[in-house]
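Participant: heads up, no residue letters with this:
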């Protein structure tokens, strides 16, 4: 009897512990094909975002929020999901109890939750979240949700919303919603999708008995919900609940005898975003690079699959071991994956800005990557231009391929050479089969060629391997599916009066443009005068350069910049012109050169704040050239200024060489400056040659070992 009593007590304690464990249901399926053809070969939840699978961001968010047991539900690519979960960091470290639930018959969220109800795995409160959510929200409302549910059994859900104004970059047409909530307790009273409408309407009776309520058009649904087990039961009892919108609408419209309640929590100061379409993929990727998602950033969040990552200036991240040629230029907001090679020494300049490059990629010479997402194993030949496009794993672009903006290239596709693709094109290695038709996006009109038909060289190039899927841009929700402009900028309900005003104003556009240009020039001149005064007061009149406080100058320049709404380029221009203008016209050339070199060295951090990209640096050189020509006594200091800015990391080698090449056939004073800089250019090239000689055969061995993943990284000087 004692033994049975002890066993009964242990079982009771185990049951209590299980009920206290916070569970989460992660929906690894999106139940749509918005990412086709990318999701033909890979589940949505495992698509890479900043070189890490989307699902890993969701798991890290749940682990940090205190979730102990995660149920990952999937209906397609179940084996891939299982394999990934079994090998992930959280499974190895046992910080999360991970279970994969599989049902291949589910086509909607409602089907999935009804299947989970049949499995009987939900024991207590749980977090319902999509498998493509990136968030650092600490789930602070959890205890409030539990207490509310304990006091009121009809309080079944707390929806998490994030503040985002209508023009916020993470907001798409899918997130275009307006809600009414009780100001006192946060209860959701009305919920409406705007879909480009300029007005919304709600029934007046939702305000009955309320002391105060607020209407919000500044929120985005994070797709994170805190639920009681009652939510699962409600889906099980209502087969017309297919989506979360159906559930919310059903709860809000229920009669007084079945008045379930949904409450809301508005996230402030935290990040919560869902990668629901291509626009969101781009927006969230940018936020990761800009560190809004901290600690889910490339140099901190590894998920067990990323090598050591270095975070450099201008949000440049180099992961593990990479090879960067001396003729490549990395602008701002760039992540380069381990084992990747960029450019070739002695060939055309390869420029990468606002882009994420995967692992083991090879990028040739003279390539332009701008707002590009290049996944693992991609090969890009010389002269290619990729702007605003996604290249899936193992894609190959032959020479001189130019991708139209919004292009998506599926796994293993080969394009080119000498190919220009239309905007918003989608390429796949294989065509969808007839048995896949019911799962296709209605807005993707894929041609029905037979599998045995040859590839069309007009679509994919003479050496191409793949098929073109065209997107019907006339469909009303094209902007949801294609990588286009944000929803806030493509309102479908522009008023006729606005259009008429535009037509009427066309005749005066030229004159107004001239007036605007004059106004901008006038505003810049005022701003420049203020910057000049700051430099004179803080530098010229200082007892010594050692006494100059750079932080104070930077603060005053930033204040003037904000007041006059100057761009970073205009700010850099004003600072560079002002420094040269403060030099003493009566001093000899040697003293002037010394003064300018010392002042530029001191103020280099101020200039560096506004000179970031390759184009910015090239423009900075042109501004310095303009300044010394305007102040002839400073002409002999031109080389010293460039040398100083180079040593202080304001300028890089590539833009200096580009400027030097572009002025080779100049005349007059421009030719004089070109010749003056020649020793500096020779010094740059000599330093490069000496370094290469010192490395000798070691560089070749290092490159070979790097390709196998065992060598040290090399970077441009």
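Facilitator: Structure received. Keep in mind the model is a prediction, meaning the values are calculated, not measured. Numbers count the residues shown, from 1 in each chain.

Participant: Thought residue 261 was touching residue 186, still the case?
Facilitator: No. Using Cβ atoms under 8 Å, residue 186 makes no contact with residue 261, being 10.2 Å away. The way it works is simple: take the backbone N, C-alpha and C, and place the C-beta from them, glycine included.

Participant: any idea of the mean pLDDT for stretch 200-219?
Facilitator: Averaging pLDDT along stretch 200-219 gives 87.

Participant: just the helices in the stretch 501-650 of the chain please.
Facilitator: Assigned by DSSP state H, counting those that start in this stretch, the helices in the stretch 501-650 of the chain fall at 509-535, 550-564, 568-581, 589-608, 614-630, 638-647.

Participant: wait, which of the ones you listed is closest to residue 286?
Facilitator: helix 568-581 (17.1 Å; Cβ to Cβ).

Participant: Against which helices or strands is the closest one packed?
Facilitator: The contact analysis (3 or more Cβ pairs under 8 Å, 6 or more residues apart in numbering; DSSP states H and E) places helix 568-581 against helix 509-535, helix 550-564, helix 589-608, helix 614-630.

Participant: That one: which residues count as buried?
Facilitator: Applying a neighbour-count criterion of 16 or more other Cβ atoms under 10 Å, one finds 569-581 buried in helix 568-581.

Participant: Could you dump the residues you listed into JSON lines and include distance to residue 85?
Facilitator: Shown next, in JSON lines, are the buried residues of helix 568-581 (distance: Cβ to Cβ, whole Å):
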{"residue": "569", "distance to residue 85": "47"}
{"residue": "570", "distance to residue 85": "51"}
{"residue": "571", "distance to residue 85": "49"}
{"residue": "572", "distance to residue 85": "49"}
{"residue": "573", "distance to residue 85": "53"}
{"residue": "574", "distance to residue 85": "55"}
{"residue": "575", "distance to residue 85": "53"}
{"residue": "576", "distance to residue 85": "54"}
{"residue": "577", "distance to residue 85": "58"}
{"residue": "578", "distance to residue 85": "58"}
{"residue": "579", "distance to residue 85": "57"}
{"residue": "580", "distance to residue 85": "61"}
{"residue": "581", "distance to residue 85": "63"}
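
Participant: Residue 566 and residue 358, how far apart?
Facilitator: Separation of residue 566 from residue 358 (Cβ to Cβ, to the nearest Å): 37 Å.

Participant: low-scoring stretches of this protein, by residue?
Facilitator: The model of the chain has pLDDT under 70 over residues 1-19, 255-258, 304-307, 432-453, 470-520, 522, 585-587, 687-717.

Participant: at 50 what do you get?
Facilitator: Low-confidence segments of the chain (pLDDT under 50): 1-6, 11-14, 16-17, 434-452, 476, 485-515, 699, 701-717.

Participant: which stretch among the helices of the stretch 501-650 of the chain comes nearest residue 39?
Facilitator: helix 614-630 (34.7 Å).

Participant: Could you measure from residue 167 over to residue 284?
Facilitator: Taking Cβ to Cβ, one finds residue 167 at 17 Å from residue 284.

Participant: show me the contacts for the nearest residue to residue 553 once chain neighbours are set aside.
Facilitator: Excluding the flanking residues, the one nearest residue 553 by Cβ to Cβ, 6 or more residues apart in numbering is residue 538, at 5.1 Å. Each residue near residue 538 by Cβ atoms under 8 Å, 6 or more residues apart in numbering is listed here: 548-549, 552-553, 556.

Participant: who wins for most neighbours among the residues you listed?
Facilitator: Compared across those, residue 553 has the highest neighbour count, 21 neighbours, by other Cβ atoms under 10 Å.

Participant: just checking, that one touches residue 607?
Facilitator: No. Contact criterion Cβ under 8 Å: residue 553 and residue 607 do not qualify, at 10.8 Å.

Participant: about what we covered before: which one of residue 167 and residue 284 has more residues nearby?
Facilitator: residue 284 (26 against 10).

Participant: so which helix or strand takes in that one?
Facilitator: Here residue 284 sits within helix 278-289, counting by DSSP states H and E.

Participant: and that helix, what does it pack onto?
Facilitator: strand 48-49, strand 133-135, strand 272-274, strand 368-374, strand 385-391.

Participant: Please state the offset of that helix from the chain centre?
Facilitator: Chain-centre distance of helix 278-289: 3 Å, with Cα atoms, centre = their mean, to the nearest Å.

Participant: Next, format the helices and strands packed on helix 568-581 as CSV and append distance to residue 222.
Facilitator: Shown next, in CSV, are these (distance: least, Cβ to Cβ, whole Å):
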stretch, distance to residue 222
helix 509-535, 40
helix 550-564, 31
helix 589-608, 36
helix 614-630, 35
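
Participant: picking up where we left off before, export the contacts of residue 538 to JSON lines and tack on distance to residue 465?
Facilitator: Listed next are those as JSON lines, based on distance: Cβ to Cβ, whole Å:
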{"residue": "548", "distance to residue 465": "61"}
{"residue": "549", "distance to residue 465": "61"}
{"residue": "552", "distance to residue 465": "60"}
{"residue": "553", "distance to residue 465": "57"}
{"residue": "556", "distance to residue 465": "59"}
